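>>> Got a predicted model here, sequence first, then my questions.
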Amino acid sequence: MSQNNYSPGVNLVVYRILIYGALLFWAFLCLFPIYWTITTSFKTAVSVTQGHLIPWIDFTPKWIGFRSLGMSPETIFQISTVRDEFLKRFVNSVITSTSASILAVMLGSLAAYGLSRFQYKLGFFKNSDISFFFLSQMILPPVVLALPFLVLYRELALLDTTIGLVMLYGLMVLPIVIWIMRDQFSTIPIELEEAGLVDGLSVWGVFLRIVLPISFPGMVAAFILCLVLTWNEYFFAALLTSADAKTLPVMVASQTGSQGINWWSMAALSTAAIAPLAIIGIFLESYIVKGLSAGAVK
């Protein structure tokens, strides 16, 4: 009898141990690449090739990676052409990804609101078909678009320009915003908008004063997702830029020399590239949770 009485509690403890063990293992798998990148920026060539992992046990951390970029404590106040190059590419990435994300959220929110509140018909295409058409643009491999965009941008004089990358990146993430915000708008009761119309608001007034504040967490979640995707984009940045508009991922991938790959420099650049996104995620965590819990992503 006593064994039967205690068995549910024992089963619950075992269940929790298994769940938390699986979560810890998954967290380890997700965070280990970041840990490896950060520690590699402090390793020498010998420590990198021998696979040393634990600082102060397997190897002694040094500023070798950040020193090569002119960002170590002893070189930060000295003149460094590599640091100037890094800052230029960093600014290009900030401008390009932020502008493209804002553009995509603005246009995508308007398109999503129309698809969630109005009925359209273009031939045999209806709202669901139009929504799927936007999503199908994500299926197309980027390499298929390489030659058309290269020819088009050469004719429009948009090669190696920031505005060219902004337009292209905004087009790339626009389908994601439309699908996220369409689900977000669908969770808002239409009675709230009808009440606003009765009170004398126009359609734009209802959208700006009622719908927009309620759906703001979902818009932030969509913006952060777009920011991550555009910040890490490499293929088109390497294809369509050469000097002026080159972004940080292209600079990270170019850390090769006559002796091979400079893993410490690449790791230091990657650490500097990861940091802004991590900080943004920490400060906007509440908006991300609200956006996801409100049905912004399904």
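Now that the structure is in, tell me what you want to look at.

>>> what about the strands in this structure?
256-257, 260-261 (DSSP state E).

>>> Select, out of those, the one closest to residue 247.
Closest to residue 247 of the strands of the chain is strand 256-257 (Cβ to Cβ; 17.6 Å). Every residue, glycine included, has its C-beta placed from N, CA and C.

>>> what's the burial count for residue 117?
18 (other Cβ atoms under 10 Å).

>>> ok, now the one 3 residues further on?
Applying other Cβ under 10 Å, we find 11 other residues in the vicinity of residue 120.

>>> contacting residues for it?
114, 126, 127, 130 (Cβ atoms under 8 Å, 6 or more residues apart in numbering).

>>> picking up where we left off before, and the strands of the chain: which comes nearest residue 19?
Among those, strand 260-261 comes nearest to residue 19, with 40.0 Å by Cβ to Cβ.

>>> Now do the closest residue to residue 38 other than its chain neighbours against residue 139, distance only.
Of all residues not flanking residue 38 in the chain, residue 271 sits nearest, at 5.3 Å (Cβ to Cβ, 6 or more residues apart in numbering). According to Cβ to Cβ, to the nearest Å, residue 271 stands 33 Å off from residue 139.

>>> Looking at the two, which has the bigger crowd around it?
residue 271 (19 against 7).

>>> Would you confirm that that one contacts residue 39?
No. Applying Cβ atoms under 8 Å, one finds residue 271 not in contact with residue 39, separated by 9.6 Å.

>>> hmm, back to that, for the residue nearest to residue 38, what are its contacts?
Residue 271 touches 37, 38, 41, 65, counting by Cβ under 8 Å, 6+ apart.

>>> What are the phi and psi values at the third one?
Going back to what we said before, that points to residue 41. Torsion angles at residue 41 (phi, psi; degrees, to the nearest 10) stand at phi -70, psi -10.

>>> so who does it touch?
64, 65, 66, 264, 267, 268, 270, 271 are the contacts of residue 41 under Cβ under 8 Å, 6+ apart.

>>> Could you dump those residues into TSV with pLDDT and distance to residue 88 added?
Below are those laid out as TSV (pLDDT from 0 to 100; distance: Cβ to Cβ, whole Å):
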residue	pLDDT	distance to residue 88
64	86	23
65	86	19
66	90	18
264	85	21
267	90	20
268	90	16
270	90	17
271	91	18
